[in-house]
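Participant: my questions are about this predicted structure, shown below with the sequence.
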Amino acid sequence: MYFDGFLCASLSSEIERRLMFSSSFKDPAQYRFVESVDGRDWTVEDADKHVSEEFKLLRKKERDRGKSWVNEAAVACAITHRDKLLKEAAERECFLCEDDIVLDGSFISYWQCEMIRSRLSELNGLVLGCYSSHNIIAVREKPLLTFGKFGVYEVLGCKVYSGACYFLPPPLAESVIFLQAPVKYTADQWDAISKSIGFPIFLIHPAPASFVAFSSNIGYGNFSVSSNSLFWRSIRKINRKVNSNHFMNKVTFKSDG
């Protein structure tokens, strides 16, 4: 048994989210929750204490445009990843998760294998277990690693997002912690983070993690409704599918030749 192989950031008040995440696992020893930093009630000044001057200017610019993607809760989310998730990933191999996903059971089983954990570490890059982009994601045709139905592919020059399920080898996790003190990027700005540090980005296909359509705790999305009833989760799923600017988990394979 590889204990706590999946760490999940979650607010202790989010019982439904925690139950949904936990439902992926047969053995509770395989995962653990860490308490998220709650920035939903922060003021602009509260959040700006934790960010770089450049990021502070970006936040102001986006506020003036009526945009919320770098709001106060997003800053708290970046701090949660830095201080709660990446801190542990810097010490041992673990997948870092947010509480609005479910995981494929076979993938959880594969992660128990020391060889697979070592092979992923040897890639010396970010490995995404779920992902999205404003464009279809291009990857190299040949996987660097396969196990079961899953392949690990290198991403080719495309901005890929999502901090909901990912792996960083311990040395890289430590580098991201250092980069994000103070916070310079949101938790899922992997294109900028990877270029600042210098590491490749990989993804697992098919994606072993999928989103549950809970309302955003950060304030993202097209619906202000906070209900997580089956009806509203269904509406959010439909919205994601028809949103032409959001190619969730859409991957195309490019020849290496």
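Facilitator: That came through fine. Residues are numbered from 1 along each chain as shown.

Participant: who does R32 bridge with?
Facilitator: R32 has these beta-bridge partners by DSSP bridges: L7.

Participant: from S10, how far out is S52?
Facilitator: 27 Å (CB to CB, to the nearest Å). For glycine as for every other residue, the C-beta is placed from the backbone atoms N, C-alpha and C.

Participant: out of the two, which sits in the busier spot?
Facilitator: Between S52 and S10, S10 has the larger neighbour count (other CB atoms under 10 Å), namely 20 against 15.

Participant: my understanding was that that one contacts L19; is that so?
Facilitator: No - judged on CB atoms under 8 Å, S10 makes no contact with L19 at a distance of 10.6 Å.

Participant: pLDDT at R233, what is it?
Facilitator: pLDDT recorded at R233 is 46.

Participant: same question for L145.
Facilitator: 97.

Participant: list the contacts for it?
Facilitator: Counting by CB atoms under 8 Å, 6 or more residues apart in numbering, L145 touches 116, 119-120, 123, 151-152.

Participant: find me the pLDDT at I218, would you?
Facilitator: So I218 comes in at 58 (pLDDT).

Participant: use 875 as the first number from now on
Facilitator: In the new numbering, first residue 875, that becomes I1092.

Participant: S995 sits in which helix or strand?
Facilitator: Element membership for S995 (DSSP states H and E) is helix 988-996.

Participant: list of residues touching that helix?
Facilitator: With CB under 8 Å, 6+ apart as the test, helix 988-996 has contacts from 876, 967, 984-985, 1001, 1019, 1021, 1026, 1041, 1043-1044.

Participant: can I assume Y1059 sits in a strand?
Facilitator: No - checked against DSSP: H, G, I helix; E, B strand; the rest coil, Y1059 lies outside a strand; its state is coil.

Participant: how many neighbours does it have?
Facilitator: Neighbour count of Y1059, defined by other CB under 10 Å: 21.

Participant: and the residue nearest in space to the middle of the chain, its phi and psi?
Facilitator: The chain has G1037 as the residue nearest its centroid, 1.3 Å off, counting by CA atoms, centre = their mean. Phi and psi for G1037, reported as degrees, to the nearest 10, are phi -110, psi 20.

Participant: that one and E972 touch, don't they?
Facilitator: Yes - at 6.4 Å, G1037 counts as touching E972 under the criterion of CB under 8 Å.

Participant: hmm, back to that, show me just the buried residues among the contacts of L1019.
Facilitator: Among these, those classed as buried by 16 or more other CB atoms under 10 Å are 990, 994, 997, 1025-1026.

Participant: name the nearest of the residues you listed relative to K1058.
Facilitator: L997 (24.2 Å; CB to CB).

Participant: phi, psi for that closest one please.
Facilitator: Dihedral angles for L997 - degrees, to the nearest 10 - are phi -70, psi -20.
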